[in-house]
Structures are given as C-alpha cells and as structure tokens.
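[1] Structure here, sequence nowhere to be found:
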C-alpha cells in the first residue's frame, strides 16, 4: 500500500460526500483526497455510535496512510421511529438498496405517522486524526421533518425527503451553497476545522 504524496485523506468513497466536504472546507489550502488515493485501505466495521464510528475511521486511515485524515459518521433520526435509522442510515434496509431504495424504505416505515412524529434531524460527527495520535471531533445537527414524497435532484441520501426547519423545500432542492450553510455536515466540519491547530496539512 503506497501512501499519497500529499494532501489530507477523507475516509470515504462516496463522491457526493467528498464533494460536499471539499466545498465546506474550501478555505483550507490542502488537497482533500478520497480512498481511491489509498488502494487497499481497510475501514473498521461501523457500530451504532456516530462519534465512535468517525473516530475509528479517521484513526485507521491516518495510520494506514501516514497522513492526516478526516472522517465523519452521519445519520437521519426520525422522532416517530424512535430515532431510527440513526447511525445505520447508510445501511438501512436490504444490503443491495441504493439511496432511492432507502428513501422508499423510510417512507414505507413512516406510513400513518403524522405531525410531530414526522419531525427529524440529520446528525453528523466529524473527526480529524494524525498518524502521531492527535484526534479531534465536532458535532453538527440540522433539524426538520420528513416529506411524504421525494422532491429535488441535488444532494444524496435522504435529502429528497428532508425539509429543513424554516424552509418550504427539501434539502435536495437547495443549491450547494444553501445546503452548505445549514447542513449537519457543514456545521460539524466547520467546527472541526476551527479546532485544528494551525490547520496544517
């Protein structure tokens, strides 16, 4: 396994997530690379705790690459589903489901739920780790509710059915700039960025 020559590794192969993180951290003058820059990288299995998952992924990639690493774990929590799907949002339903399939699964589970039971929040914990053992985390949250039908083509995951508080459209109908002002991931990564000493690469 050959470590990348430069840059900060982001512990993801999700192109949508990497694009968002790059946009959120556009003021940081370092190259953010996904796992394609580290062939053979192994991520730890994910559990049911956002912070533990984010920490474990960042540490693993930093150790394997010899470079600083960023990671996050995020999920959608629905009041009427007792906080599900939560940290298992990306693994919700059958293993072969894509984003659209997971959205359909969610809406099926929410049939009959009304009012406050449709309240939801996106949660993200972002982590930064170095090969020397430094570890920082930050948390972000975006509150809203779940629509009955998907709308919009931007974003990814559950964005087409999530209506942020104070908005009359879904997250998938927002522009990238609008989403990156209010999203859970933007709030977590901006807070994390502010805590990185000298914001070094």
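    Thanks, I have the structure now. Bear in mind that the values here come from a model prediction, so they are computed numbers and not experimental data. Numbering: from 1, shown residues only.
[2] Please make it C-alpha for all contacts and neighbour counts, starting now.
    Will do.
[3] Now do the SS call for residue 181.
    helix (DSSP: H, G, I helix; E, B strand; the rest coil).
[4] Name whatever forms a beta bridge with the residue nearest in space to the middle of the chain.
    Using C-alpha atoms, centre = their mean, the residue of the chain that lies closest to the mean C-alpha position is residue 74, 4.4 Å off. Note on residue 74: beta-bridge partners by DSSP bridges are residue 124.
[5] cool, the one 4 residues further on as well?
    Beta-bridge partners for residue 78, by DSSP bridges, are residue 120.
[6] before we move on, what about residue 163?
    Beta-bridge partners, per DSSP bridges, of residue 163: residue 145.
[7] In the protein, which helix is the longest?
    Scanning the chain for the helix with the most residues, using DSSP state H, yields helix 50-65.
[8] What is the neighbour count of residue 58?
    Per other C-alpha atoms under 10 Å, the neighbour tally for residue 58 reads 29.
[9] Can you name the residues that contact it?
    10-11, 69-72, 127-129 (C-alpha atoms under 8 Å, 6 or more residues apart in numbering).
[10] now do 7 Å
    Shown in contact with residue 58 (C-alpha atoms under 7 Å, 6 or more residues apart in numbering): 11, 69-71, 127-129.
[11] what ranges do the helices span in this structure?
    Under DSSP H, the chain gives helices at 15-24, 50-65, 99-109, 176-182, 184-195.
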